[in-house]
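*Asks:* Can you look at this prediction? I've put the sequence above it.
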Amino acid sequence: MLFTWFLLAGFIFLLAPQSLTNKFQFAFTRVFRWPLSIGRNISLSARIQQPLTDVVSRREFDKLQNHLANVTEELLEKHKQIERISGLRDRLHALEGAKLRLADVITASIDGSRCELIINRGEDDELAEGQFVLGDNSIVGTVSDVSPRTAKVKLITDLTSKIAVKIRELKTIIQGSGQNSVKVQLLSIKHKVEVGDEVYARKKPGFLDAPVKVGTVARCKRDDENPLLWDITVKPACDVEKLKDVAVIIMNPQE
């Protein structure tokens, strides 16, 4: 009997005018709106999440996320390096025709007998012996030894370090004293030198195209052993002990 009544109701709705059935449909939607909306949300969530599980596993998804994070961080580091190199070129016009190879300081040995840095660049990065090294926009030393991936930098304060410099228009040589200073060699007292005068590394073909600051005259007095010569102490322009990175000047970069 129940089946017959439902069958009869179905035929009535089938033959009823569309305007009447539409009213019934809207009324049904209003009455059962809340359960219908829940069902629709569940269906949409299933459609969105299902392709992810079909296309890639959670483990693979995590690997891709980690790779993206690593690449993003690497790009940020490269961007910072480009900004630093651009800043160096703006401040030091002598470097406009050179390539600057940024390097991190791995270790620093600064004592009475040896003053050197180990950096994380080498022959693979076009480094070679004799190239000048910058720290805080000043010359801190030269490359003394290279391997494929690392290099040694002999600081200007090293006992065996000698660099051609100029003070005002005077050309002379500075040599490391083993401490945090360098000495000017064999400069006659007839030349005028005063405390506070700036000292610049001289141009060197193939290595440096224009003078770059090395330090400042910290003391100037007559030499005790030879009163005809100056005893001049130069304080480096850079505090090497605080250096975390340097820039190697490559004057003839390979294209």
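*Replies:* Noted; the coordinates are in hand. Residues are numbered from 1 along each chain as shown.
*Asks:* so where is the stretch 51-200 of the chain shaky, pLDDT-wise?
*Replies:* 51-56, 78-97, 112-113 (pLDDT under 70).
*Asks:* And the strands in the stretch 1-150 of the chain, which stretches?
*Replies:* 99-110, 115-119, 132-135, 138-146 (DSSP state E, counting those that start in this stretch).
*Asks:* want to try TSV for these, with mean neighbour count as columns?
*Replies:* Just so you know, the C-beta spots here come from the backbone N, C-alpha and C atoms, and that holds for glycine as well. As requested, the strands of the stretch 1-150 of the chain are exported to TSV (neighbours: other Cβ atoms under 10 Å):
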stretch	mean neighbour count
strand 99-110	16
strand 115-119	23
strand 132-135	24
strand 138-146	22
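*Asks:* For stretch 223-240, C-alpha coordinates in PDB please.
*Replies:* C-alpha atoms of stretch 223-240 as PDB (Å, rounded to 0.1, in the frame of the first residue of the first chain):
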ATOM      1  CA  ASP A 223     114.600  56.100  14.200                       C
ATOM      2  CA  ASP A 224     116.700  55.400  17.300                       C
ATOM      3  CA  GLU A 225     119.300  53.500  15.400                       C
ATOM      4  CA  ASN A 226     119.400  55.800  12.400                       C
ATOM      5  CA  PRO A 227     118.200  59.300  13.100                       C
ATOM      6  CA  LEU A 228     118.200  60.100   9.400                       C
ATOM      7  CA  LEU A 229     115.300  57.800   8.900                       C
ATOM      8  CA  TRP A 230     111.700  57.800  10.100                       C
ATOM      9  CA  ASP A 231     110.400  55.200  12.500                       C
ATOM     10  CA  ILE A 232     106.800  55.000  11.200                       C
ATOM     11  CA  THR A 233     104.100  52.700  12.500                       C
ATOM     12  CA  VAL A 234     100.900  52.200  10.400                       C
ATOM     13  CA  LYS A 235      97.700  51.000  11.800                       C
ATOM     14  CA  PRO A 236      95.700  48.800   9.400                       C
ATOM     15  CA  ALA A 237      92.400  50.300   8.200                       C
ATOM     16  CA  CYS A 238      90.600  47.000   9.000                       C
ATOM     17  CA  ASP A 239      90.200  45.000  12.200                       C
ATOM     18  CA  VAL A 240      91.100  41.600  10.900                       C
END
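*Asks:* from now on call the first residue 389
*Replies:* Okay, residue one is now 389; in that scheme the one you just asked about reads as stretch 611-628.
*Asks:* before we move on, back to that, looking at the strands of the stretch 389-538 of the chain, which is nearest to residue 460?
*Replies:* strand 487-498 (19.8 Å; Cβ to Cβ).
*Asks:* re earlier: could you dump the strands of the stretch 389-538 of the chain to JSON lines with distance to residue 464?
*Replies:* Below are the strands of the stretch 389-538 of the chain laid out as JSON lines (distance: least, Cβ to Cβ, whole Å):
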{"stretch": "strand 487-498", "distance to residue 464": "14"}
{"stretch": "strand 503-507", "distance to residue 464": "22"}
{"stretch": "strand 520-523", "distance to residue 464": "23"}
{"stretch": "strand 526-534", "distance to residue 464": "27"}
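*Asks:* Quick check: chain neighbours aside, which residue is closest to residue 497?
*Replies:* residue 504 (5.3 Å; Cβ to Cβ, 6 or more residues apart in numbering).
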